[in-house]
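# Got a predicted structure plus its sequence, pasted below:
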Amino acid sequence: MVKKVSDSKVTMTELVLPHHTNQLGNLLGGQLMHWIDICAALAAAKHAQTVCVTKSVDYIDFKNAHKLGDVVTLVATVNRVFRTSMEVGVQVYKESIKNGIKIHSNTAYLTFVSVDENAKPIESYEIIPETEEEIKRYEEALLRREARLARK
């Protein structure tokens, strides 16, 4: 079976509350990484139609701090599938309720593996990118994978 990138899209929305922040009122990086991992895992599972486990986190870019009271929107899609593993990209946006300004704040790339009920890797469905952005991310995912493998 072949699926489209858009079939794997997951959007999560979170509100930065006091227990999510540090002493400066900024969202804790670990909390954001937790939300990123959940959103990415849901996109991977949606694509594979099975449980998917986090294999690696390649890259998380922290461009802008999220403040107490900000709305955080995470959008994840599967960028490319490599037999049992797949790269999931997550775009993170912050929005201030006070001024309504929404900006891109973070990007993350994670690798997931599809597993069966015994936690053994299984092959996943192929993915077809359709838009220019999806094709770009599809091609870049191969470069990131090659770099990952070269580091091993």
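Everything's here; your move.
# Contacts only, for Ser105.
62-66, 72, 92-94 (C-beta atoms under 8 Å, 6 or more residues apart in numbering). (C-beta placed from N, C-alpha, C; glycine too.)
# Checking my notes, it in a strand, right?
Yes - residue assignment for Ser105, taken from DSSP: H, G, I helix; E, B strand; the rest coil, places it within a strand.
# separation between it and Leu24?
If you measure Ser105 against Leu24 using C-beta to C-beta, to the nearest Å, the figure is 16 Å.
# What of Ile101?
In this structure, Ile101 and Leu24 are 20 Å apart, going by C-beta to C-beta.
# Give me the buried entries from the contacts of Ser105.
Neighbour counting over these (16 or more other C-beta atoms under 10 Å) leaves 65-66, 72, 92-94 as the buried ones.
# So which of these belong to strands?
Secondary-structure check on these using DSSP state E: residues within strands are 72, 92-94.
# Return the closest of the contacts of Ser105 with respect to Glu123.
Minimum separation from Glu123 among these (C-beta to C-beta) is found for Val92, which lies at 29.8 Å.
# Can you tell me which of the contacts of Ser105 is nearest Thr11?
Out of the contacts of Ser105, the member with the shortest distance to Thr11 (by C-beta to C-beta) is Tyr93, at 10.0 Å.
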